[in-house]
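1. Okay, sequence plus prediction incoming.
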Amino acid sequence: MFIKLRKGQSTLEYALVIAAVVAALVMMQIYLKRGLSGRFKASTDDIGEQFDPQKFTSSYTTTSEGATTETVSGGVTRSEVSTDEETQVTGDETLDAWDDSEDLYTGSW
């Protein structure tokens, strides 16, 4: 009869140990997230300067030319390209230099 009680006791002990481990992992979750985000930030910093939309300007002109023929027959409209469409893009892009005195990473994590 004592053997059956010991089986129940050991099962309860295993359940408590598993619950303690799960609780510890849940409590450590915030520290794990911070550690991973720190590693990712360090990796991106090693790559180089990141894109900043405030430092980037562009000016483009897009011109498209082409011809289509549309025919209506029996309430159905049919479009057909009669000449190849040609698209031309002209313009420029500029990227201002980084200023070392600026704080590139503002905000909270």
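-> Good, I have the coordinates.

2. pLDDT weak spots in this structure?
-> Residue ranges of the chain with pLDDT under 70: 1-8, 49-52, 97-109.

3. please redo it, this time with the cut-off set to 90
-> Scanning the chain for pLDDT under 90 picks out the ranges 1-12, 30, 32, 40-70, 73-75, 79-109.

4. who's in contact with the residue nearest in space to the middle of the chain?
-> For the chain, residue 40 is the residue whose C-alpha lies nearest the centre (Cα atoms, centre = their mean; 12.7 Å). Listed by Cβ atoms under 8 Å, 6 or more residues apart in numbering, the contact set of residue 40 is empty. Just so you know, the C-beta spots here come from the backbone N, C-alpha and C atoms, and that holds for glycine as well.

5. Packing partners of the longest strand that the chain contains?
-> Scanning the chain for the longest strand, with DSSP state E as the assignment, gives strand 76-95. Packing contacts for strand 76-95, counted by 3 or more Cβ pairs under 8 Å, 6 or more residues apart in numbering; DSSP states H and E, involve strand 56-73.
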